[in-house]
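**Q** Build me a model from this:
(one chain, ligands or ions: 3)
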Amino acid sequence: MTDSADGTPRRGTCRACGGTTAQFLDLGRQPLSDRFLTEDQLADEFFFHLAVGVCAGCTMVQLMEEVPREEMFHQDYPYHSSGSSVMQKHFADTARHLLEHEATGPDPFVVEIGCNDGVMLRTVHEAGVRHLGFEPSGGVADVARGHGVRVVTEFFEESTARRVRETDGPADVIFAANTICHIPYLDSILRGVDALLAPDGVFVFEDPYLGDILDKTSFDQIYDEHFFFFSARSVQALAARFGFALVDVERLPVHGGEVRYTIARAGARQPAERVAALIGEEDARGVADRSRLDRFAADVEGIRTDLLALLNSLKAEGKRVVAYGATAKSATVTNFCGIGPDLVSWVCDTTPAKQGRLTPGTHIPVRTPDAFTPDAVDYALLFAWNHADEIMAKEQEFRRAGGQWILYVPRVHVTS
Ligand code: DWN
Ligand code: SAH
Ligand code: ZN
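**A** Ligands and ions are numbered 1, 2, ... in the order given. Sure thing, here's the model as predicted:
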């Protein structure tokens, strides 16, 4: 499955270093993960080939095919970062941390790449600190503006970063969450950071961590928008090529396990000891080794087999099965496994822009959360497993009434 028809492994060019990547996982034909459809849009759905490879040179794990950015990030991009109260708190805490430890000069300037609805910059704005968000998705950018956040509806890249350097001066902090891993044109991002960052400034970004994805077999982190799957080793190699150094790493529990990377100009800061410690751990575990990645690919096949067996047996028993959280991640699961409305009747989600529409590819109807009542549902497949604590706390009545949750991370299981 990882090889092309003539048996030779599929190869591509590394978008981080220009080296050669080798494919280790094929997730097949997939739609845009955040394009929720009306009936009249079913005929012209966009599909691409979702497969993942690893670079032999710099160890970066990445998609083999790139989806044009305008297909994904536009006026109607439906994801609102503030849809989770846990994430709201995480980003308010993050903002306070950056203001306290990094943006400490007389008139600091904080830039965010991918500020979405302003979930982080809101707190920076409320503190009266100079800031600017880059957010190409117009709808969510408008929500951020509504909270008083200063936003440009533009992609961050070298040219836009240079212009902001001219108009606003150097940035003390450039922050990004769940965004740098979305950007195949990483060279332009790093040159943009180089142009905009103050000599002693820091570039801080957090993204899903390859080590956690492998540990949890969370293959649903792989979809059109997630192009790169970072490790401390691959980020260190990336930083070094652009005159930067990885000076800190912090593991975060959000979104199923992430790492916050702090990058500074080479020589500007002494790297924290935990950088070498995490890289040592990665090397010992072999996170970029072909044997580990092949085992991950086999584990993914196992989840597909187990999930389909469970859903088919529940269907045969006449159980009412629905899903919870119309996540971008779930597009990979439903399309890779072939899960449509015959196995999962509907999915509920709090996002107005997703409600009343059909999920990408397999077209499961999206309903409002008020459809999710204990008397209407026997089993709920938790697509938003990364928000399990928050959702299960909110839906305690479902469990109490005998309802059961189905999870597929780190393996297929039903809550008892
Ligand atoms: O990286 C990305 C992350 C940050 O967000 C983006 N590429 C796209 C998006 O990915 P996702 O859709 O997989 O993210 P979430 O945060 O897992 O999505 C949760 C979904 O579940 C949202 O549509 C909101 C919904 N939800 C809900 O219906 N009830 C969430 C919570 C917490 C709830 O209680
Ligand atoms: N930071 C938020 C949003 C993550 S979703 C959070 O962690 O919840 C990724 C966001 O990145 C989207 O809002 C998308 O529009 C934005 N994005 C994609 N490419 C970008 C780029 N080149 N510059 C700035 N934002 C970008
Ligand atoms: Zn590489």
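**Q** Going by C-alpha atoms from here, please, whenever you check contacts or count neighbours.
**A** Will do.
**Q** check contacts around the closest residue to ligand 1 within the stretch 1-150 of the chain.
**A** Using Cα to the nearest ligand atom, Ser84 is the residue of the stretch 1-150 of the chain that sits closest to ligand 1, at 4.0 Å. By Cα atoms under 8 Å, 6 or more residues apart in numbering, the contact list for Ser84 reads 387, 390.
**Q** Report pLDDT for it.
**A** The confidence metric pLDDT takes the value 98 at Ser84.
**Q** next one: phi and psi at it?
**A** According to degrees, to the nearest 10, the main-chain angles of Ser84 amount to phi -120, psi 130.
**Q** ok, now Arg251?
**A** Dihedral angles (degrees, to the nearest 10) for Arg251: phi -80, psi 140.
**Q** So what's the residue count around the nearest residue to Lys354 once chain neighbours are set aside?
**A** Nearest residue to Lys354, sequence neighbours excluded (Cα to Cα, 6 or more residues apart in numbering): Phe36, at 5.9 Å. Around Phe36 there are 26 other residues, counting by other Cα atoms under 10 Å.
**Q** if we can go back for a sec, how near is the residue of the stretch 1-150 of the chain closest to ligand 1 to Thr351?
**A** Separation of Ser84 from Thr351 (Cα to Cα, to the nearest Å): 11 Å.
**Q** how near is Pro136 to ligand 3?
**A** Note on Pro136: its distance to ligand 3, by Cα to the ion, to the nearest Å, is 27 Å.
**Q** these two touch, right, that residue and Asp76?
**A** No - Pro136 is beyond contact range of Asp76, at 10.6 Å (criterion: Cα atoms under 8 Å).
**Q** Compare the two (neighbour count), which wins?
**A** For the pair Pro136 and Asp76, the greater number of neighbours falls to Pro136 (24 against 15), based on other Cα under 10 Å.
**Q** and that one, what does it touch?
**A** 73-75, 114, 152-155.
**Q** backbone phi and psi for it, please?
**A** Torsion angles, degrees, to the nearest 10, at Pro136: phi -70, psi -20.
**Q** same thing with Asp117?
**A** phi -90, psi 10.
**Q** Tell me who's in contact with the nearest residue to it once chain neighbours are set aside.
**A** Nearest residue to Asp117, sequence neighbours excluded (Cα to Cα, 6+ apart): Ala144, at 4.3 Å. Applying Cα under 8 Å, 6+ apart to Ala144 gives the contacts 115-119, 122, 150-151.
**Q** next one: Ala328
**A** Shown in contact with Ala328 (Cα under 8 Å, 6+ apart): 33-34, 223.
**Q** swap the cut-off to 10 Å and go again
**A** By Cα atoms under 10 Å, 6 or more residues apart in numbering, the contact set of Ala328 is 32-36, 78-79, 220-226, 359-360, 383-384.
**Q** mean confidence score for stretch 145-152?
**A** pLDDT averaged over stretch 145-152 gives 98.
**Q** Give me the buried positions along it.
**A** 145, 147, 149-152 (16 or more other Cα atoms under 10 Å).
**Q** follow-up on the earlier one: how far away is the residue of the stretch 1-150 of the chain closest to ligand 1 from Leu32?
**A** From Ser84 to Leu32 the distance is 22 Å (Cα to Cα).
**Q** Return the distance of Phe155 relative to Phe372.
**A** Between Phe155 and Phe372 the computed distance is 37 Å (Cα to Cα).
**Q** what's the answer for Met392, then?
**A** For Met392 relative to Phe372 (Cα to Cα), the value is 13 Å.
**Q** do Val67 as well
**A** The spacing between Val67 and Phe372, counted by Cα to Cα, is 34 Å.
**Q** Please apply the same query to Glu390.
**A** Going from Glu390 to Phe372 by Cα to Cα gives 16 Å.
**Q** Pick out whichever of these two has more residues nearby.
**A** Shown here are Glu390 and Phe372; by other Cα under 10 Å, Phe372 has more neighbours (20 against 13).
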